[in-house]
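In: fold the following for me, if possible:
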Amino acid sequence: MAAGTNNDGLLFEDETLRDGLQMESRIFSLEEKLHIFHLLKDAGIKRIQVGSFVHPKIVPQMADTDEFIQSIGKQEDTVVSALILNDKGLERAIKCGVPHVSMSVSVSDTHSRKNAGRSTAEALAAMVQLITQALQSGLKVRAGLQSAFGCVYEGSISEDAVLAAAEKMIQAGAREINLADTSGMANPYSIRHLLRRCQQEFPDVRISLHLHDTRGLGLANIFSGYEAGARSFDVCAGGLGGCPFVKGAAGNVSTEDAVNMFEEMGIATGVNLKAVCQAVTYLEKALEHNLPGHMKRVLEYQERAA
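Out: Numbering: from 1, shown residues only. Next up is the predicted model:
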């Protein structure tokens, strides 16, 4: 993150443009997406996931990801990232010139079959090969494990299974592992326990967290992860997001609420809270409904009361 001597490597990856918009029925134009990107960039977000390379019939909101990335162009201070789930996605990523990719599979077999049409074992074997290919092509790779803290279809997920899958991705060359609470079933204890096991097994690998606020524990889980040593967290402006293949999955932890929590604790984020809230205002007007994040309304109240 930019500026601030106390942030200790803290990094937010904002996924509004991917995880956030994929759950909305409204299709945003390329111009609207570019405007959101620049609002987030100008707020100080240093890594932005802008889309996913998936079939447009399955997730029509991501149909213009290739064109969008090319329109963004090369960025000096902001990492542009996108999600890859298969070999066709990797081909598209290389062709459009995105510099950073997230490549994830689900450790829940049921979720994997719904999300990727493959068993966990099949998806993992294929993704390990793709990680190697992506690195050889010069892409920076973040490997991810979905449903790492539980699955709405299968219940609890074995920590040993998560560690085994992570090890295969690391052997393929990944140096960041993203643990995703896809169903929003994690709690501060489970976050801390799994994170510490990962750090013991893979001390040289950066562990990031992708947390959903399904049960209202998003911020508590981020703080637990931070205390356990995590410094990278996925967020969405306004708390947008969710998974099309997980019933009842709520959005990600809101960017503005996460920024406020850390700043209130004296941990510099390098992110301008008011500027992020401007992005939330834009999204709420475009979507014609309120978003679940808190800090935009807090700041509005304070302004009215002043």
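
In: spatially central residue in the protein, please.
Out: For the chain, the residue lying nearest the average C-alpha position, counting by CA atoms, centre = their mean, turns out to be D234 (3.9 Å).

In: part of a helix, is that residue?
Out: No: using DSSP: H, G, I helix; E, B strand; the rest coil, the secondary structure at D234 is strand, not a helix.

In: renumber starting at 165 from here on
Out: Got it, the first residue is 165 from now on, which makes the last one we talked about D398.

In: list the contacts of the closest residue to it other than its chain neighbours.
Out: The shortest distance from D398 to any non-neighbouring residue, by CB to CB, 6 or more residues apart in numbering, is to H374 (4.1 Å). No exception for glycine: its C-beta is placed from N, CA and C like everyone else's. When contacts are counted by CB atoms under 8 Å, 6 or more residues apart in numbering, H374 touches E179, G308, N342, L343, A344, D345, T346, F397, D398, N416.

In: do a quick rundown of the helices in the stretch 315-464 of the chain.
Out: When secondary structure is read from DSSP state H, counting those that start in this stretch, the stretch 315-464 of the chain shows helices at 323-335, 352-365, 382-391, 419-428, 437-451, 459-469.

In: and the ones you listed: which comes nearest K238?
Out: Within those, the stretch nearest K238 is helix 437-451; the backing value is 22.1 Å (CB to CB).

In: would you indicate which residues of that closest one are buried?
Out: Of the residues in helix 437-451, those scored as buried under the neighbour-count criterion (16 or more other CB atoms under 10 Å) are L437, A439, V440, C441, Q442, A443, V444, T445, Y446, L447, E448, L451.

In: give me the distance between the second one and D398.
Out: Separation of A439 from D398 (CB to CB, to the nearest Å): 19 Å.

In: over to the last one?
Out: Between L451 and D398 the distance, using CB to CB, works out to 20 Å.

In: how about the fourth one?
Out: Applying CB to CB, the value for C441 to D398 is 19 Å.

In: circling back to that earlier point, out of the buried residues of helix 437-451, which comes closest to Q213?
Out: Of all the buried residues of helix 437-451, the one sitting nearest Q213 is A443; the distance, using CB to CB, is 14.5 Å.

In: and the pLDDT at the closest residue to the closest one other than its chain neighbours?
Out: The spatial neighbour of A443 that comes closest, neighbours along the chain excluded (CB to CB, 6+ apart), is L203 at 4.0 Å. pLDDT, the model's per-residue confidence, is 98 for L203.

In: dump the residue contacts of the nearest residue to V326 once chain neighbours are set aside.
Out: Spatially, and ignoring its direct neighbours in sequence, V326 is nearest to A312 (5.0 Å; CB to CB, 6+ apart). Under the criterion of CB under 8 Å, 6+ apart, the contact partners of A312 comprise V271, I321, V326, L343, A344, D345, T346, L358.

In: the last one and D324 touch, don't they?
Out: Right, L358. No: the pair L358 and D324 does not pass the contact test of CB atoms under 8 Å, sitting 10.6 Å apart.

In: can you pick out the residue with more neighbours from these two?
Out: For the pair L358 and D324, the greater number of neighbours falls to L358 (23 against 9), based on other CB atoms under 10 Å.

In: look at that one and report its pLDDT.
Out: Looking at L358, its pLDDT is 98.

In: quick one: it and A290, what's the gap?
Out: Between L358 and A290 the distance is 24 Å, computed by CB to CB.

In: and the helices in the stretch 165-314 of the chain?
Out: According to DSSP H, counting those that start in this stretch, the stretch 165-314 of the chain carries its helices in the segments 194-206, 229-236, 251-260, 273-280, 284-300.

In: quick one: closest of those helices to L185.
Out: The closest approach between L185 and any of the helices of the stretch 165-314 of the chain, judged by CB to CB, belongs to helix 194-206 at 7.8 Å.

In: in the closest one, what counts as buried?
Out: Across helix 194-206, burial judged by 16+ other CB under 10 Å covers K197, L198, I200, F201, L203, L204, K205.

In: in TSV: the contacts of A312, plus distance to D251.
Out: Formatted as TSV, the entries for the contacts of A312 read as follows, by distance: CB to CB, whole Å:
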residue	distance to D251
V271	21
I321	26
V326	24
L343	24
A344	21
D345	27
T346	22
L358	29
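
In: quickly name whichever of those residues is closest to L463.
Out: Distance from L463 was checked for each of the contacts of A312 by CB to CB. The minimum falls on D345, at 27.5 Å.

In: count the residues that sit near the closest one.
Out: Applying other CB under 10 Å, we find 31 residues neighbouring D345.

In: do L404 as well
Out: Applying the criterion other CB under 10 Å, we find 28 residues in the vicinity of L404.

In: name the nearest residue to it, sequence neighbours excluded.
Out: Excluding its sequence neighbours, the residue lying closest to L404 (CB to CB, 6+ apart) is G184, at 3.1 Å.
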